[in-house]
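Q: Predicted model and sequence follow; I will ask about them next.
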Amino acid sequence: MKRLFIVRHGITANNAAKLIQGTRDIPLSDSGHRQARALGQALAEEKIDLIISSPQARALQTAQAIAQHHRLPIITDERLRERSFGIFEGGPVQEYQEARAASGLLRWHFKPDGGETILEVWERCSNFLSWLKQSDAQNVLIAAHEAVNRCLVLMTLDRPVTEWTTFKQENCCINQFQFRADGTIERYELNRTGHLEAP
């Protein structure tokens, strides 16, 4: 692989209201569609050979806004679905955060009733990346979600899950990695959002 782009989906009504989405199949809001179009324009001149998306609507709609510039099909992969937050889905983010804090557990060990731990998401993302590295794809774009992207970015940088909070993943951000021939990272950037700013 020569280059890897990891992007987060555009904003949704639930994002704007600070409600947890998780496995709920929430589409982009009007603002989210505008963000996705701006993201597509920002990546229109980039060399991309393969686009892989979470099957959830908000990620898939974002991937479609990019794919139209490259005339590429979109492959969906269940391993890129957002983390399941179980009983907290549809509720305020603050409610989840308070429950996690009250549990006394490290954030990656906390498992909401009916949901997943961060470590479980980490495991399926690791499985996905292992598969991707074995493919012959050279310039890959992944459209996914905040928790999934954090896992993929940390793994690509060979950093541990304990660095979970060291970087942000804004809606429609771009994470970009350029690799040397031996597979090591030549350069990278995280959470680029300048393409979303008003002209």
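A: Right, received. Where do you want to start? Residues are numbered from 1 along each chain as shown.
Q: quick one, strands of this protein?
A: Per DSSP state E, the chain carries strands over the ranges 3-8, 50-53, 74-76, 139-144, 174-179, 185-192.
Q: got those as a markdown table, with mean pLDDT columns?
A: Below are the strands of the chain laid out as a markdown table (pLDDT from 0 to 100):
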| stretch | mean pLDDT |
| --- | --- |
| strand 3-8 | 98 |
| strand 50-53 | 98 |
| strand 74-76 | 98 |
| strand 139-144 | 98 |
| strand 174-179 | 98 |
| strand 185-192 | 98 |
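Q: so Lys2 touches Arg180, yeah?
A: No: counting by CB atoms under 8 Å, Lys2 stays clear of Arg180, with 9.1 Å between them. Yep, even glycine has a C-beta here, placed from its N, CA and C like the rest.
Q: Name the residues of the longest helix anywhere in the chain that are buried.
A: In the chain, with assignment by DSSP state H, the single longest helix is helix 118-134. For helix 118-134, a neighbour-count test (16 or more other CB atoms under 10 Å) marks Ile118, Val121, Trp122, Arg124, Cys125, Phe128, Leu129, Leu132 as buried.
Q: any idea how far Met155 is from the residue lying closest to Ile66 once chain neighbours are set aside?
A: Nearest residue to Ile66 in three dimensions, chain neighbours excluded: Gly40, at 4.7 Å (CB to CB, 6 or more residues apart in numbering). Per CB to CB, to the nearest Å, Gly40 is found 26 Å from Met155.
Q: Contacts only, for the residue nearest to Ile66.
A: Gly40 makes contacts with Ala65, Ile66, Gln68, His69, as judged by CB atoms under 8 Å, 6 or more residues apart in numbering.
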